[in-house]
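sequence and predicted structure, then a few things I'm wondering about:
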Amino acid sequence: MRFSHLGVVTTVIAATASLAAALAPHPVALASAPRAAVATLQPGWFAYRPLGDFESDGRTIDAPARAARLGAPLDVMVEPVSQAEYARCVAAAACPKLKSVDPAAANLPVVGVSWLDATAYAEWYARQTGEDWRLPTDDEWAYAAAERFRGEPPPAADGDDFARRWLAKFDADSALARQPKAPQPFGHFGRNTLGVADLSGNVWEWTNSCYERRAVDANGEAQLLTRNCRVRALEGEHRTFMSDFIRDGVTGGCSVGAPPTNLGFRLVRSRASAVARMMSSVGELLQAL
Amino acid sequence: MFNRRDLFLAAGAAAGAAAVLKAVPAMAEEAVNLPRREVELVAPPLVHPHEQATRRGPEVVAFKMTIIEKEQVIDDDGVKIHAFTYNGSIPGPLMVVHEGDYLELTLVNLATNQFDHNIDFHASTGALGGGALTHINPGEEVTLRFKATRAGVFIYHCAPEGPMIPWHVALGMNGAVLVLPRDGLTDGAGKPLKYDRIYYVGEQDFYVPRDAGGAYKTYASAADSFVDMTALMRGLIPTHVVFNGAVGALTDKNALPAKVGETVLIIHSSAMRDTRPHLIGGHGDYVWLMGKFANPPMRDLETWIVPGGSAVAALYTFRQPGVYAYLNHNLIEAVFLGATAHFRVDGQWNDDLMTQVRRPAPIG
């Protein structure tokens, strides 16, 4: 399967999640559990460099800068999922029990979670609420993060020289101001202009987007070459990728490259119907402007 | 059980033993008439300026090192130990002299410290490597001089009494001395070998006790950690194995810089455990296994061994730019416990040495 537009890819992932929710058992009201605070994002355009490795004419290139569009309103949790919220999923035997989770910590983000853990939580939370909650795609996360979005800084040096690109990436990663590891109370890292809290602090957040290789063709379209969905994108102070079962990026990472300090997540919920999402959704991408 | 009071009693006994040994007749008065040069030490991975080969005759090279007991963060999670340090760093500074020189060290034990300390130089001859002549209590200083009779790289470490010995070393009290041949390094067949940069990497094992919940424990003082820590040390499994005192001390923004075409001498010491350095993407062009320059270096090594209680010198000329991980190739210790450094090498890529013939692409 090849996709010429990243937006189509995103739409398909979103639709799959909604289908899963539709097939789930009859929703049960969340017993006495407080609902997560939600910010509703309105449709709009945003600048976005898609994730993954890009090439053109057999050479590595920077991800092309695109104008992307959030096509339908999107609800995003104001705060990442808390340890207390995650603990309720554990109590319901729907999420793996984790040492890093304090069931009393309603004001601290859950950390030390893998993509698989986060997905288990999303599926459980969607069943509990009867709503289409899921992890965001990378472009949805970027839109929600707004001015807090960092992504991958494009290498500043000569694009043809493999070693210079590598060193530029190494320098950019090394220059990141690392926060101490201890999870901070909600609000510690402030809110962005869209009212979303604690973005790009010391918790990197799982997205549903898979690691991809793309080749930009003569028409400027990014053709998908390969996709590896055992590796998912994380967003935060920088964009990084991790295998879906990794809970600690520091000891699960590579010998070179800045590891994420903590792994956590927040969920999103599309507001349009599944059919509308199929037609017009996040990441309706135009060609480079 | 050892409490702080016992430790001080032990210190008193040790100081008494040292006083008796002071009666050793001084036979090296020859050194008194030699030129004397004072050298300021610098913290690793850097090394104080020095000649590689020298035309000067033997001289007394004088150093001063202050023992500092201090809390030190040893990993990214902020785990702290009450470290014992020579001059504030783990490892202590590298001291460079030439064969036939006299190394003179003034060792200062700050009055604010809690423990007695000393120094055992593997490069020296007699008196437990000088350990028996350098025992000092907090608020004391001592000066030792020894003749550097053998060329090579040698460790030094604290060696007080009994269980204090491994404990002080495990808390950071070790470093190295580089005794260069007066004519500089050679390949063993007369060809001189020079370096453009020298870095000192000290590998350190730490043993930080955990509580029942698995969290690392903190202690009000070093003495308070003694019982738990030495019990853990008896199991021989460190919680941290790091380069230069902390996880990440030589990685990322602390990477060791070099350029393509430059030759780097890497001094690697390990006071207690055997280790096996490897430069990912490079080699050891010349490696003095066991670290002694009277023996010819081995060529073209992929990984070399540093026996616990020694230091090794490896020479490498960088041929490609990029990032090199220099690590303990027990990759469990490198990745999970911290024994990794980075070299960051600028220069022009050489396609002849390596090229990506075909980019990653779908099969077929």
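The structure has been received and is ready for your questions. Residues are numbered from 1 along each chain as shown, chains lettered A, B, ... in the order given.

in three-state terms, label the residue nearest to residue B:165 when sequence neighbours are not counted for me.
Nearest non-adjacent residue to residue B:165, counting by CB to CB, 6 or more residues apart in numbering or on different chains: residue B:159, 5.0 Å away. (Each C-beta comes from the backbone N, C-alpha and C, glycine too.) Secondary structure, DSSP: H, G, I helix; E, B strand; the rest coil: residue B:159 is coil.

next, find the distance separating residue B:159 from residue B:200.
Remark: distance between residue B:159 and residue B:200 (CB to CB, to the nearest Å) = 21 Å.

looking at these two, which one has more neighbours?
The residue with more neighbours, out of residue B:159 and residue B:200, is residue B:200; 27 against 23, by other CB atoms under 10 Å in any protein chain shown.

might one say that that one is in contact with residue B:42?
No - Residue B:200 is beyond contact range of residue B:42, at 9.6 Å (criterion: CB atoms under 8 Å).

could you pull up the contacting residues of residue 153?
In the absence of a named chain, chain A is used. Listed by CB atoms under 8 Å, 6 or more residues apart in numbering or on different chains, the contact partners of residue A:153 are A:172, A:238.

was after chain B, sorry
B:176, B:177, B:178, B:179, B:267, B:269, B:288, B:291, B:292, B:311, B:312, B:313.

my guess is the residue nearest to residue B:165 meets residue B:122, correct?
No - using CB under 8 Å, residue B:159 and residue B:122 do not qualify as a contacting pair, with a distance of 10.5 Å.

spell out which residues are contacts of both of those two.
Common neighbours of residue B:159 and residue B:122, using CB under 8 Å, 6+ apart, are residue B:129.

secondary structure element for residue A:86?
Residue A:86 is part of helix A:83-91 when elements are defined by DSSP states H and E.

one step back: touching both of residue B:200 and residue B:42, which residues are there?
Counting by CB under 8 Å, 6+ apart, the shared contacts of residue B:200 and residue B:42 are residue B:93.

what does residue 243 show for phi and psi?
Chain wasn't specified; assuming chain A. The phi/psi pair for residue A:243 (degrees, to the nearest 10) reads phi -60, psi 150.

I was after chain B.
Dihedral pair for residue B:243: phi -100, psi 130, per degrees, to the nearest 10.

in the sheet, who's paired with it?
When bridges are called by DSSP bridges, residue B:243 pairs up with residue B:203.

contact partners for it?
Taking CB under 8 Å, 6+ apart, we find residue B:243 in contact with B:201, B:202, B:203, B:204, B:249, B:250, B:338, B:339, B:340, B:341.

at 10 Å what do you get?
Residue B:243 sits next to B:44-45, B:90-91, B:201-204, B:249-251, B:254, B:268, B:275, B:277, B:326-328, B:334, B:338-341 when contact means CB atoms under 10 Å, 6 or more residues apart in numbering or on different chains.

next one: residue A:187
Counted by CB under 10 Å, 6+ apart, residue A:187 has contacts A:78, A:79, A:107, A:197, A:198.

which one of the residues you listed has the most neighbours?
Neighbour max across those (other CB under 10 Å) = residue A:198, 25 neighbours.

please report how far it lies from chain B.
Distance of residue A:198 to chain B, given as CB to the nearest CB, to the nearest Å: 20 Å.

that residue and residue A:185 touch, don't they?
Yes - between residue A:198 and residue A:185 there is a contact under CB atoms under 10 Å: 9.2 Å.

anything in contact with each of the two?
A:79, A:109.

tally of neighbours for the closest residue to residue A:264 other than its chain neighbours?
The spatial neighbour of residue A:264 that comes closest, neighbours along the chain excluded (CB to CB, 6+ apart), is residue A:203 at 4.1 Å. Counted by other CB under 10 Å, the residues lying close to residue A:203 total 28.

one step back: now the two most distant members of the contacts of residue A:187.
A:78 and A:107 (12.8 Å; CB to CB).

quick one, grab the pLDDT at residue B:279.
Looking at residue B:279, its pLDDT stands at 98.

wait, it sits on residue B:320?
No - using CB under 10 Å, residue B:279 makes no contact with residue B:320, being 11.5 Å away.

for the two, indicate the residue with more neighbours.
Under the criterion of other CB under 10 Å, the comparison of residue B:279 against residue B:320 puts residue B:279 first, with 23 against 16.

what bridges to the residue lying closest to that one once chain neighbours are set aside?
Spatially, and ignoring its direct neighbours in sequence, residue B:279 is nearest to residue B:326 (5.0 Å; CB to CB, 6+ apart). Residue B:326 has these beta-bridge partners by DSSP bridges: residue B:279, residue B:341.

give the burial count for residue B:326, as a bare number.
The number of residues packed near residue B:326 is 30, by other CB under 10 Å.

how about residue A:113?
31.

could you report the pLDDT at residue A:287?
Reported pLDDT for residue A:287: 37.

do a quick rundown of the helices in chain B.
For chain B, the helices defined by DSSP state H occupy B:4-21, B:164-170, B:222-233, B:331-332.

just the stretch 1-150 of chain A next, same as before
Counting by DSSP state H, counting those that start in this stretch, the stretch 1-150 of chain A has these helices, from start to end: A:6-23, A:83-91, A:115-129, A:138-145.

rounded mean pLDDT for the longest one, please.
Right, helix A:6-23. The average pLDDT within helix A:6-23 is 36.
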